[in-house]
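# Predicted model and sequence below, questions to follow.
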Amino acid sequence: MSSAKRYNPKSTDARIIKKGFLLYIFLFPLFLSVIIALFGTHYMAFLLNSVAFLLFLGVIVLSKIGFAQEMDYNKAKLTKAPKIPYKQLSAYLLGISTFFSAFVAGKMGLIDSLFVGIISICGYWLYYGFDPKVDKIDDFGDISPDIVFETLQEAQDKIKDIEKDIETMSDTLLHKKITLALKRANIILDAIIDDPKDIRNARKFLVVYIDGIAKVTSSYSNLRQEDISPETREKLLGLMDDVEVKFDKELQRLKANDQFDLDVHIDVLKEQIKG
């Protein structure tokens, strides 16, 4: 599950490319070998070098997915470890690619080829590390962790859908109101992530209200601006005002619940000190 906090995808992509820069070094000589073999009409060399090139390209693709998973994991306060260890798969594929390039395409000896293949796997793990394996799970009380993760993920996915639906919205006032509601929704999600035990009381907000907004914005995005009557627009604006009130009440309720928890802890500590 990804973090509820917003982030810049372009910035993330740039970090991934920078992190995997060393892997691109393997592609440059192979690309040149493919070109030279092609123009030299060495068709077998062209075929073998092309296979090696594609293998190393697969390493980069898998690594990029693994790096993205790791970045999402590191940013999230509450998340599960990635189900598919893409970095581990990348390391193994790098070993296979290196062995193939050395033994099959490069005609190197079997033992030497196996050695450089194993070294490449070890080098990958030493430089890039392993995939995250430990779930970031807080104290959920008597609530199932799966329910917490699934509910939060569903809410985050709905928010992303709403953001996509309003990207081309020409009604600036309605766009502003929905954007404000989404900001409040993300604040509430962050509060729940900080204290997952609140999810039972906040489930109506997560399931009903956000889902309702998503359905409205989805229907709105399927209509042309001129097809929306003034009466419908006023209803939408009024609805978003109601949503704003509901979200504010939810935030206040969560804050009051945290205050109650603090008072309970203080009272317990006082009794322990007296004892």
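Alright, I've got the coordinates.
# from here on, contacts and neighbour counts on C-alpha atoms
OK.
# for the stretch 151-275 of the chain, what are the low-confidence residue spans?
Residue ranges of the stretch 151-275 of the chain with pLDDT under 70: 197-198, 200-201, 255-275.
# nearest residue to G109 other than its sequence neighbours?
F103 (6.2 Å; CA to CA, 6 or more residues apart in numbering).
# thinking the one you found is in contact with V116, fair?
No - with contact defined as CA atoms under 8 Å, F103 does not reach V116; the gap is 10.0 Å.
# Next up, the contacts around Q225.
S170 (CA atoms under 8 Å, 6 or more residues apart in numbering).
# Which parts of the stretch 151-275 of the chain are helices?
With helices called from DSSP state H, counting those that start in this stretch, the stretch 151-275 of the chain shows them at 172-194, 199-204, 210-221, 230-274.
# residues near Q153, how many?
Other residues within reach of Q153, judged by other CA atoms under 10 Å, total 17.
# nearest residue to P132 other than its sequence neighbours?
With sequence-adjacent residues excluded and distances taken as CA to CA, 6+ apart, P132 is closest to A81, at 5.6 Å.
# SS state for the one you found?
State at A81, reduced to three classes by DSSP: H, G, I helix; E, B strand; the rest coil: coil.
# measure it to L94 for me?
To L94, A81 is 23 Å away according to CA to CA, to the nearest Å.
# Same question for D112.
Going from D112 to L94 by CA to CA gives 16 Å.
# Who are the packing partners of the helix or strand where F99 lies?
Here F99, judged by DSSP states H and E, is contained in helix 86-99. Packing partners of helix 86-99 (3 or more CA pairs under 8 Å, 6 or more residues apart in numbering; DSSP states H and E): helix 43-75, helix 110-128.
# For these, which has the smallest mean pLDDT value?
When the helices and strands packed on helix 86-99 are ranked by mean pLDDT, helix 43-75 comes last with a mean of 88.
# can you pull the buried residues of it?
By 16 or more other CA atoms under 10 Å, the buried positions in helix 43-75 come out as 45-46, 48-53, 55-60, 62-70, 72-73.
# quick revisit: out of the helices of the stretch 151-275 of the chain, flag the one nearest L38.
Among the helices of the stretch 151-275 of the chain, helix 210-221 comes nearest to L38, with 50.7 Å by CA to CA.
# still on that earlier bit, specify the local secondary structure of the residue nearest to G109.
What three-state DSSP gives for F103 is helix.
# who's in contact with I213?
I162.
# cutoff 10 Å now
The contact partners of I213, by CA atoms under 10 Å, 6 or more residues apart in numbering, come to 158-159, 161-162, 178, 181-182, 219, 239-240, 243.
# Determine the number of other residues adjacent to L237.
17.
# my read: it touches I178, true?
Yes - counting by CA atoms under 10 Å, I178 is a contact partner of L237 at 9.2 Å.
# so what's in contact with the two at the same time?
In contact with both L237 and I178: V243, using CA under 10 Å, 6+ apart.
# quick revisit: go ahead and build a ChimeraX selection from the buried members of the contacts of I213.
Buried members of these, identified by 16+ other CA under 10 Å, are gathered into one ChimeraX selection as follows:
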select :158,159,161,162,178,181,182,240,243
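# As JSON lines, the contacts of I213 with distance to I25 would be great.
Converted to JSON lines, the contacts of I213 look like this (distance: CA to CA, whole Å):
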{"residue": "K158", "distance to I25": "40"}
{"residue": "I159", "distance to I25": "39"}
{"residue": "D161", "distance to I25": "38"}
{"residue": "I162", "distance to I25": "41"}
{"residue": "I178", "distance to I25": "46"}
{"residue": "A181", "distance to I25": "46"}
{"residue": "L182", "distance to I25": "43"}
{"residue": "S219", "distance to I25": "48"}
{"residue": "L239", "distance to I25": "55"}
{"residue": "M240", "distance to I25": "52"}
{"residue": "V243", "distance to I25": "53"}
